[in-house]
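Q: What follows is a predicted protein model with its sequence.
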Amino acid sequence: MRRHRRAKIVATIGPASSSPEMLKQLHLAGVDTFRLNFSHGTHEDHAKVFAAIRALETEVGMPIGVLQDLQGPKIRVGKIAGGKFLAEKGQRLRFVLSRDEGGPEAIPLPHPEIFAAVAPGHDLLIDDGRVRVRIVAIEREALVAEVIVAGPISDRKGVNLPGTTLALSPLTEKDRADLAFGLDLGVDWVALSFVQKPADVIEAKALIGGRAGLVSKIEKPQALEHIDDIIRLSDAIMVARGDLGVEIPHEDVPGRQKELVRACRRAVTPVIVATQMLDSMVSSPTPTRAEASDVATAIYDGADAVMLSAESATGAYPVETVEMMDRIIGSTESHKLYRSIVQATQPAEEETPPHAVAAAGADLAEAIRAPAIVVYTSSGATCGRIARKRPALPILALTPSLAVSRRLRLMWGVHSVLSHAVGSFEAMVAQAAEVARSEGFAAARDHIVVVSGAPAGPSGSTDNLRVVEI
């Protein structure tokens, strides 16, 4: 079974979609990678879903990716007397370092990292920015703030600090336990929340130890200040527009999305665009026109994947939502302007032999109108170099690694197949022709382009290119 689109679909699993029957329907509808959100559910719940996905993978004979999304630190106010109060514009509030119940004169904020980092003029956004206050004075174990945007403040509402870098690890004790559990299960990707700086990525990768790919979620404006280093250190990037849109102006989010997608393409790092893509389909069988345009924009930008959250996890129409996203992607990629728009944002290629061979392979395959380009890869790097050019033909990836094959389910345009190891380039060519035919990519007398490294060469050593007649 092959997809006839290039961009991939990531879907979050939750109560509406966790049964084996529903997982199968979602995969057949178009899901390439399933997301397990560890902000919700127990380890037992996630283990059951993971086992069902792996059973489905065996049934359909096709690799399926699994992404574990860690919760990360959650900064919240404490308990409010009476459940809530109304903060009025211009009112002075006091936030105190306490876990006791409080009110306007002593709102509990049990996070010493905040008190150590904030300064007068910094803003606190409460309840996803519905209430905004500005620090005007710092007292001993108390922050005095003026209400800029009025609204109710109630128990346990989240707090965002857009202008403050917190001395806070993105990995809580819960995250560390969840990570160990997920790695033992065998997840393919780990998504890291609350990334602020390169050191956060390094810390997480040390714990992962190469057992899964690391997806850095860009949801903090501090991450944007170090974005090139964060992309370089990460195995993939998620543009988490919901949280990012709370901390930066809404009007800046579209431009930032385009910048991030372009930077990831330049670095050969897969990029996922996420959050509220078809949000109205949580309760409606059809999206709004604006949501359809939003998905299409991510595809025109050149994103490797787009993601569903509540739409597939708790919504009333999970299968219909995936089918709709699949149709929007397919329609966008077949539009007459798609190729020119994607090519216009093509980043410059690195001047190295592996990049040059991969680029030449993509250009040659398009020039001879090959039905596919076949890539041998042990790490996925060669596929990434070819996918960066967004060629107008599918990329058939052959790899002896099941883990790599699953991770490639997140990369633009790649159809991955588990292959057996071969000992010579001639054997590679023969196997490439056989698989291209059996997987439905080529027929007799078609010409395909085969790109690879030496059979026994190191990972990433792309140095062979050949045209093969089936």
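A: In hand now; what should we look at? Residues are numbered from 1 along each chain as shown.
Q: Helix or strand, whichever it is, which one in the chain has the lowest mean pLDDT?
A: strand 462-469 (a mean of 86; mean pLDDT, DSSP states H and E).
Q: Export it to PDB, keeping only CA atoms.
A: Below are the C-alpha coordinates for strand 462-469, written out as PDB (Å, rounded to 0.1, in the frame of the first residue of the first chain):
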ATOM      1  CA  THR A 462      26.200   9.000  -0.800                       C
ATOM      2  CA  ASP A 463      28.500   8.500  -3.800                       C
ATOM      3  CA  ASN A 464      26.800   6.300  -6.400                       C
ATOM      4  CA  LEU A 465      24.200   7.200  -9.000                       C
ATOM      5  CA  ARG A 466      22.800   5.000 -11.800                       C
ATOM      6  CA  VAL A 467      20.000   4.800 -14.300                       C
ATOM      7  CA  VAL A 468      18.400   1.400 -14.500                       C
ATOM      8  CA  GLU A 469      15.900  -0.100 -16.900                       C
END
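Q: Begin at 19 from now on, thanks
A: Noted, 19 is the first residue going forward, which turns the last one into strand 480-487.
Q: State the paired neighbours of that strand in the sheet, together with their directions.
A: Paired strands of strand 480-487, with direction, are strand 465-471 (antiparallel) (DSSP bridges).
Q: ok, H244 - how many residues close by?
A: Close neighbours of H244, defined as other Cβ atoms under 10 Å, add up to 17. Yep, even glycine has a C-beta here, placed from its N, CA and C like the rest.
Q: can you pull the buried residues of the least confident helix or strand of the chain?
A: T480, N482, L483, R484, V486 (16 or more other Cβ atoms under 10 Å).
Q: So what touches that strand?
A: 371-373, 375-376, 378-379, 382, 386, 388, 399-400, 403, 443, 447, 450-451, 463-472, 475 (Cβ atoms under 8 Å, 6 or more residues apart in numbering).
Q: now do stretch 117-131
A: Contacts of stretch 117-131 (Cβ under 8 Å, 6+ apart): 93, 95-100, 103, 105, 109, 111-116, 133, 160-161, 171, 177, 184-186.
Q: Reformat the buried residues of strand 480-487 as JSON lines; add distance to Q89.
A: Below are the buried residues of strand 480-487 laid out as JSON lines (distance: Cβ to Cβ, whole Å):
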{"residue": "T480", "distance to Q89": "38"}
{"residue": "N482", "distance to Q89": "44"}
{"residue": "L483", "distance to Q89": "45"}
{"residue": "R484", "distance to Q89": "48"}
{"residue": "V486", "distance to Q89": "48"}
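Q: Tell me the one of those nearest D247?
A: Checking the buried residues of strand 480-487 against D247 by Cβ to Cβ gives T480 as the nearest, at 24.9 Å.
Q: Not counting residues beside it along the chain, what's closest to the closest one?
A: Nearest residue to T480, sequence neighbours excluded (Cβ to Cβ, 6 or more residues apart in numbering): P372, at 3.9 Å.
Q: count of residues packed around that neighbour?
A: 17.
Q: Now do it, the pLDDT please.
A: According to the prediction, P372 has pLDDT 85.
Q: Secondary structure class of it, three-state.
A: Counting by DSSP: H, G, I helix; E, B strand; the rest coil, the backbone at P372 sits in helix.
Q: Am I right that A168 is in contact with L104?
A: Yes - between A168 and L104 a contact is recorded at 7.3 Å, counting by Cβ atoms under 8 Å.
Q: Which one of the two is surrounded by more residues?
A: A168 (16 against 12).
Q: mind listing what the closest residue to the more buried one other than its chain neighbours touches?
A: Leaving out its chain neighbours, the residue that sits closest to A168 by Cβ to Cβ, 6+ apart is K107, at 4.4 Å. By Cβ under 8 Å, 6+ apart, the contact set of K107 is V165, I166, V167, A168.
Q: Helices along the stretch 369-488 of the chain, start to end?
A: Applying DSSP state H, counting those that start in this stretch to the stretch 369-488 of the chain gives helices spanning 371-385, 399-405, 420-425, 443-456.
Q: residues in contact with the third one?
A: Among residues not part of helix 420-425, those counted as contacts by Cβ under 8 Å, 6+ apart are 81-84, 206-207, 231, 253, 395-398, 415, 417, 434-436.
Q: now do 10 Å
A: Helix 420-425 is contacted by residues 50-51, 75, 80-85, 204-207, 228-231, 253-254, 288, 395-399, 401, 415-417, 419, 432, 434-437, 477 when judged by Cβ atoms under 10 Å, 6 or more residues apart in numbering.
Q: where does this protein dip in pLDDT?
A: 472-479 (pLDDT under 70).
Q: per-domain residue ranges of it.
A: Using automatic domain parsing, the domain parsing of the chain gives 26-90+188-355, 102-178, 371-487.
Q: State which helix of this structure is the longest.
A: Identified as the longest helix of the chain according to DSSP state H is helix 61-78.
Q: Beyond that one, next helix or strand please.
A: strand 83-87 (DSSP states H and E).
Q: If you count contacts, what does the helix or strand just after that following strand end up packed against?
A: On the C-terminal side of strand 83-87, the nearest following helix or strand under DSSP H and E is strand 102-105. On a contact count with 3 or more Cβ pairs under 10 Å, 6 or more residues apart in numbering; DSSP states H and E, strand 102-105 meets strand 149-157, strand 160-167, strand 169-172.
Q: now what about strand 102-105, what contacts it?
A: With contacts defined as Cβ under 10 Å, 6+ apart, strand 102-105 is touched by 111, 120-122, 125, 144, 149-151, 163, 165-173, 175.
Q: Please, a ChimeraX command that selects the buried ones among those?
A: The ChimeraX selection below is limited to those of the contacts of strand 102-105 classed as buried (16+ other Cβ under 10 Å):
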select :111,120,122,125,144,149,150,151,163,165,168,169,171,172,175
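Q: one step back: list buried residues within the contacts of stretch 117-131.
A: 93, 95-96, 98, 103, 105, 111-114, 133, 160-161, 171, 177, 184, 186.
Q: what sits against L142?
A: L142 sits in contact with 93, 95, 111, 113, 127, 132, 136, 149-153, 161, 163, 166, 177-182, where contact means Cβ under 10 Å, 6+ apart.
Q: at 8 Å what do you get?
A: F113, V136, R150, V151, R152, I153, A163, V177, N178, L179.
Q: Check the buried residues of strand 480-487 and tell me the two furthest apart.
A: T480 and V486 (16.8 Å).
Q: Next, count neighbours for A224.
A: Neighbours of A224 (other Cβ under 10 Å): 8.
Q: Kindly report the same for A137.
A: 9.
Q: quick one: it from T76, how far?
A: 56 Å (Cβ to Cβ, to the nearest Å).
Q: Same check on I317?
A: 31 Å.
Q: neighbour-wise, which of the two wins?
A: Ranked by neighbour count (other Cβ under 10 Å), I317 and T76 place I317 first, with 24 against 9.
Q: Sticking with A29, tell me its helix or strand.
A: Per DSSP H and E: strand 26-31 holds A29.
Q: quick one: contacts of the very next helix or strand once past that strand?
A: Using DSSP H and E, the helix or strand that follows strand 26-31 in sequence is helix 38-47. Here helix 38-47 makes contact (Cβ under 8 Å, 6+ apart) with 29, 31, 34-35, 52, 67, 70-71, 73-74, 77-78, 82, 330, 336-337, 340-341, 344.
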